[in-house]
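>>> Sequence and predicted structure below; questions after.
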Amino acid sequence: MKKNLSMMVAGIAALLRALPAYAAEKSGEAAAAAAAVAPAVVVAPAVVPSATPSGLAETATMTLATNSAAAVARSAEQVTRLSQYLSRAIYSLIEVMVGGFLALPGILTRMWDMTGNPMERRRLALGAFVISWVVGSSFLVFKGLRPTILFRLRAWGRHWKPSLAILRTIVAGGDIVVLVVFLLLTASVLSIMPAEIPAREVGVAIVWAICILEGARMIARFFLVADDPKLFSPLVCELGVKPETGYYLFIWTRRLLIPMVYGWLALEFLRLGGIGGNTRMAVFNLIGLTITVLLSTFVMQNREPVAAFFAGGKKGRHRLAHTWHILAVASVVSIYGVFLLDMETGNFRALTVVIMTLAVFVMAMVFLVVMKFLIHRMFRLSHDVVHRFPELEKRAARHERTFSRIVFALVWVFALLALLRVWEIDIRVLGGDNSLKVFLERLTSVGMVMAMAWFVWCITAALIDYAMADGRPGGEPSPRARSFMPILHKIAAVVISIFAGMIGIVQLGVDPTHLLAGVGVIGIALGFGAQSFIKDFITGMFMLAENVVVVGDVVETGGICGTIENVGMRTIHLRDFNGALCTVPFSEIRTLVNLTRDFSCAVLDVSVAYNEDVDRAMGEISLLAEAMRQDPAWQADIIDVPEILGVQALSESAVILRLRLKTLPGRQWAVSREFRRRTKNRFDQIGIEIPYPHVRVYMGPASSRSESTTAQAVS
């Protein structure tokens, strides 16, 4: 049986050795055929056609045939080269795998021979002891000590309830202590062994593998997993990731780490055992294939969630939602293919470039996520501050967006530079070294100028807000100040932008003299064309300076009545009762009625019937107005004694009585509605009639007889 197995293996090896010769022979035949076809086409005798239509047709036919034959020859040559390349790659892969398989009997034989030598048996026993000690220490520490520490920390957290940051720091410290204990236990045995003993190298390799695996698990657990969600909330929960998703990512991180770490450990064992390169290459290929399969499985498992994420974004990403998994799997398989081809040549440059490119993208994305979290924490305000200063939250959100965009742009710029470094692209070829240096210096100067301009704008805006809120309770600006603040902010922004732009132009090496002359000419042209804007701006400035309107006033102009929400540089924004926002240019305002300046008046007309006592009705109205003025619910709104004006008019069916109540600005409508309600209820109680339109019909004698006759006919 052993002899038959050896013969079969020898036959397979002979077949594999014959594959390259056969592929080369076939490739040579194909190349010879292509070479035989190409000259026959290219060196065809040139025939000078006649000028007749038939000669022109013949020329076109010959040209088409020549080009087609040349294209066929080039395609055949490319196919031949590709087939040679693939045949060599496949043969190399099969040879590596079969070579490792053929080396197994030799490995087993060598191990059996080692057991017959007392010195070798001693080495094997020492190696077994070291492996047992390291593995046993890992189980004792990571399976026994760590759960106990976490249980104690969990109980302590429930009892003392410290902050989340302290809990997370303590848990991370506990993991580090566990790892240090494992290193001390293993070092106590490995340190007393001589360096030349292979068992020591084996133990060190195992310790390194366990430390790398447990350290990576520790980091992944810190960021992704919550041992107790009520106490140990992972960082991903603060970034909006669900705990289930975090644990799923932790599981897949562990799945990918196991073949990497233990595969490296297996390669170290083979190296220390003196195993040939074919076997190590076979194990290396197997590790790469395992990782490729795992990554492809991970992509396919998350196909639908990622597709839903892409489909819920911009329109340009909808197509990517249906094809992203194909691109991802193709990328993973391509990386493995590049790895195999590089392994054949012994130069792993292409694989290194691909892996480094992916690493740069991953690191950039991780850094962006972390920076987004840190920036949000930096600009986050407490609930007390938000309640006291509502406008401060909007300003913080605006600065957070601006700062985030700047940081994101810088991150992607550095990522691009890193990619150029990985791809070995020297950007200095765009110009000399000096020109690149000058360009980067000028670009940096412009960036610093823009940053300083933004900082000056923030300080200026804060000073404007502080000056406008001076002397107000709680730091709230007055309505007039709130009217001026947007205009002052815009003017400050324009002035700072102009100065920053001029300084930036100077930093770029551009002479601003000619630019200013051109801007002056353009300004004159714009001045003639922007007369309406200037008119609106000047009119608005005079209205604000004269304190005609402020934000919050209720005004009426041009048939539009509403509350002033915002005062711009050339327009005023009104919100009417129906919620519609009306924009009125200052120059279009001919007459403006301010209904809420200083104080307001509720002017009420009360109708009574002609048969009622007018003096009695006026007395009741006066009592109602005074009672409403003394009511605590309305006492603050009515600021003066009610004024009974008397009989306003004698209409067709009622006597109109008028009174006036002086109220706070904007409260006249609420006071009017409440007074009308009280008047109706009081008049109903005392029997004063409030007339309403009605018609009395008087029937004459003829009409009565006609109605009686009609009634008899019907009966």
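Alright, I've got the coordinates. Numbers count the residues shown, from 1 in each chain.
>>> can you list the weak-confidence ranges in the stretch 301-450 of the chain?
Scanning the stretch 301-450 of the chain for pLDDT under 70 picks out 312-320, 338-351, 385-386, 388-392, 425-437, 440.
>>> ranges for the strands of the protein?
554-557, 560-567, 571-575, 581-585, 593-594, 600-608, 643-650, 655-663 (DSSP state E).
>>> residues of the last one that come out buried?
Going back to what we said before, that points to strand 655-663. Of the residues in strand 655-663, those buried under the neighbour-count criterion (16 or more other Cβ atoms under 10 Å) are 655, 657-663. Bear in mind the C-beta positions are built from the backbone N, C-alpha and C, glycine included.
>>> now what about that strand, what contacts it?
599-610, 612, 614, 617-618, 621-622, 625, 629, 637-640, 642-650, 668, 671-672, 675 (Cβ atoms under 8 Å, 6 or more residues apart in numbering).
>>> Show the buried residues in these.
600, 602, 604, 606-608, 612, 617-618, 621, 625, 629, 637-638, 642, 668, 671-672, 675.
>>> quick one: contacts for residue 586?
Counting by Cβ under 8 Å, 6+ apart, residue 586 has contacts 535-537, 539-540, 543, 570-572.
>>> all helices for the stretch 451-600 of the chain, in order.
Here the stretch 451-600 of the chain has its helices, by DSSP state H, counting those that start in this stretch, at 479-507, 512-529, 531-545.
>>> Let me fix that, I meant to ask about the stretch 101-250 of the chain.
Shown for the stretch 101-250 of the chain, the helices assigned by DSSP H, counting those that start in this stretch span residues 118-138, 146-160, 164-190, 198-224, 235-238, 243-272.
>>> how many neighbours does residue 522 have?
10 (other Cβ atoms under 10 Å).
>>> care to break the chain down by domain?
2-114, 116-269, 276-347, 426-529, 543-594, 600-686 (automatic domain parsing).
>>> which of those has the lowest average pLDDT?
Ranked by mean pLDDT, the domains of the chain end with domain 2-114 at the bottom, a mean of 50.
>>> Return stretch 412-423 as CSV; C-alpha atoms alone will do.
Taking Å, rounded to 0.1, in the frame of the first residue of the first chain, the C-alpha atoms of stretch 412-423 are listed here in CSV:
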residue,chain,number,x,y,z
TRP,A,412,-8.6,63.9,3.1
VAL,A,413,-5.7,66.1,2.0
PHE,A,414,-3.3,64.2,4.2
ALA,A,415,-4.9,60.9,3.0
LEU,A,416,-4.3,62.0,-0.6
LEU,A,417,-0.6,62.8,0.2
ALA,A,418,-0.3,59.4,1.9
LEU,A,419,-1.8,57.7,-1.1
LEU,A,420,0.7,59.5,-3.4
ARG,A,421,3.5,58.3,-1.1
VAL,A,422,2.2,54.8,-1.3
TRP,A,423,1.9,54.8,-5.0
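>>> Need the residues that contact it.
So stretch 412-423 is contacted by 353, 356-357, 360-361, 363-364, 427 (Cβ under 8 Å, 6+ apart).
>>> among these, which two are most distant?
363 and 427 (20.6 Å; Cβ to Cβ).
>>> With distance to residue 593 as added columns, please give the buried residues of strand 655-663 in TSV.
TSV is the format used below for these (distance: Cβ to Cβ, whole Å):
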residue	distance to residue 593
655	30
657	26
658	20
659	22
660	18
661	19
662	18
663	17
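>>> which one among those gets closest to residue 322?
residue 663 (64.7 Å).
>>> Next one: that closest one relative to residue 463, how far apart?
37 Å (Cβ to Cβ, to the nearest Å).
>>> Please apply the same query to residue 608.
For residue 608, the distance to residue 463 - Cβ to Cβ - is 61 Å.
>>> same thing with residue 570?
Residue 570 is 25 Å from residue 463, by Cβ to Cβ.
>>> So for those two, which residue has more residues nearby?
Higher neighbour count among residue 570 and residue 463: residue 570, with 19 against 11, using other Cβ under 10 Å.
>>> How much space separates the nearest residue to the more buried one once chain neighbours are set aside from residue 562?
Excluding the flanking residues, the one nearest residue 570 by Cβ to Cβ, 6 or more residues apart in numbering is residue 536, at 3.5 Å. Here the criterion is Cβ to Cβ. By it, residue 536 lies 19 Å from residue 562.
>>> same thing with residue 310?
From residue 310 to residue 562 the distance is 44 Å (Cβ to Cβ).
>>> between the two, which one's more packed in?
residue 562 (22 against 18).
>>> isn't the more buried one right next to residue 578, touching?
No: using Cβ atoms under 8 Å, residue 562 and residue 578 do not qualify as a contacting pair, with a distance of 9.1 Å.
>>> who's in contact with the closest residue to residue 592 other than its chain neighbours?
Closest residue to residue 592 apart from its sequence neighbours, by Cβ to Cβ, 6+ apart: residue 557 at 4.6 Å. With contacts defined as Cβ under 8 Å, 6+ apart, residue 557 is in contact with 584, 589-593.
>>> repeat that with 10 Å
549, 572, 574, 582, 584, 588-594 (Cβ atoms under 10 Å, 6 or more residues apart in numbering).
>>> Which members of these are the farthest-apart pair?
With Cβ to Cβ as the measure, no two of the contacts of residue 557 lie farther apart than 588 and 594, at 16.8 Å.
>>> between these two, which one's more packed in?
Legend: neighbour count by other Cβ under 10 Å for residue 588 and residue 594, higher for residue 594 (17 against 13).
>>> Report the beta-bridge partners for the more buried one.
For residue 594, the beta-bridge partners are residue 555 (DSSP bridges).
>>> ok, back up a step: among the contacts of residue 557, which ones are buried?
549, 572, 574, 582, 584, 589, 592, 594.
>>> so which of the residues you listed would you say is closest to residue 371?
Distances from residue 371 to these, taken by Cβ to Cβ, are shortest for residue 572, at 41.3 Å.
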